[in-house]
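Student: Quick check, what structure comes out for this input:
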Amino acid sequence: MKHWYTFLLITVILGLAGFAWGAPASADETPRLLEFKTMAGVSRPYTGGANAIRGVSGGGLPWVLKSAKGELRADGTLEVKVKGLVFDPNDPVVIERGLAGQNTVPEFRAIVSCQSVDGNGNATVVNLATAPFPATTGLGAGDAEIETRLSLPSPCIAPIIFVTNPAGAWFAATGR
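Tutor: Numbers count the residues shown, from 1 in each chain. Okay, here's the model as predicted:
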């Protein structure tokens with residue numbers, strides 16, 4: 001009799017485990033294309049247009065940030081949260097201009113850059129910009145949250161997320 005209860009218990013446990021593993025994901029769980037917990041500020045070699053990344057020029061001066069996190073989902077949902085995105089307080093030109101550790105830009109945008117394929121089957125870069133989002137300004141500021149949905153190309157290979165000024169020059173990008 002003891003063996004029968006053990007057999008029944010094992011069968012029930014395995015059955016529940018199989019049900020849980022085979023259960024479909026909820027409809028709102030769209031796959032993530034990119035999830036990040038850090039970004040790199042634009043450093044001196046990438047300022048301006050000389051060393052643009054995928055056609056996106058760097059801001060005119062170096063920037064640093066305290067933290068960043070976010071994700072891009074397959075349906076185009078984009079969430080980016082940056083804290084302390086400011087002019088680099090250690091850059092001599094920034095110091096000379098009196099901008100060290102400040103954010104003077106009241107709105108940020110995000111650009112999602114994807115490697116994709118055009119209608120002729122050729123490799124191409126697609127850059128999609130969000131609407132502007134408010135950012136805190138002043139010394140030690142530079143906080144912003146970007147939440148939106150974009151129409152991503154298919155495929156969207158090797159996405160890069162940039163935080164930019166309203167004109168599209170980047171201050172921070174995914175990577176480290």
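Student: show me where pLDDT drops low in the protein?
Tutor: 1-28 (pLDDT under 70).
Student: any idea which strand is longest in it?
Tutor: When the chain is parsed with DSSP state E, its longest strand is strand 107-117.
Student: Pull out the buried positions in it.
Tutor: 108-116 (16 or more other CB atoms under 10 Å). C-beta: built from backbone N, CA, C; applies to glycine.
Student: Please tabulate these in JSON lines, including the columns distance to Lys66.
Tutor: Shown next, in JSON lines, are those (distance: CB to CB, whole Å):
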{"residue": "Phe108", "distance to Lys66": "15"}
{"residue": "Arg109", "distance to Lys66": "20"}
{"residue": "Ala110", "distance to Lys66": "18"}
{"residue": "Ile111", "distance to Lys66": "21"}
{"residue": "Val112", "distance to Lys66": "23"}
{"residue": "Ser113", "distance to Lys66": "24"}
{"residue": "Cys114", "distance to Lys66": "27"}
{"residue": "Gln115", "distance to Lys66": "30"}
{"residue": "Ser116", "distance to Lys66": "32"}
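Student: Report the next helix or strand after the longest strand of the chain in sequence order.
Tutor: Scanning forward in sequence from strand 107-117 by DSSP states H and E, the next helix or strand is strand 123-129.
Student: Give me the contacts around that next one.
Tutor: Strand 123-129 is contacted from outside by 54-56, 109-118, 150-153, 156, 164, 168, using CB atoms under 8 Å, 6 or more residues apart in numbering.
Student: Same check on stretch 162-176?
Tutor: 34, 36, 38-42, 46, 53, 56-60, 63, 65, 68, 80, 82, 85, 105, 107-111, 113, 129, 132, 144, 146, 159-161.
Student: Which of the residues you listed fall in strands?
Tutor: 34, 36, 39-41, 53, 56-58, 63, 68, 80, 82, 107-111, 113, 129, 144, 146, 159-161.
Student: Type out the PyMOL command that picks the buried ones from those residues.
Tutor: To isolate the buried ones among the ones in strands among the contacts of stretch 162-176 in PyMOL, judged by 16+ other CB under 10 Å, type:
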select buried, resi 34+36+39+40+41+53+56+57+58+63+68+80+82+108+109+110+111+113+129+144+146+159+160+161
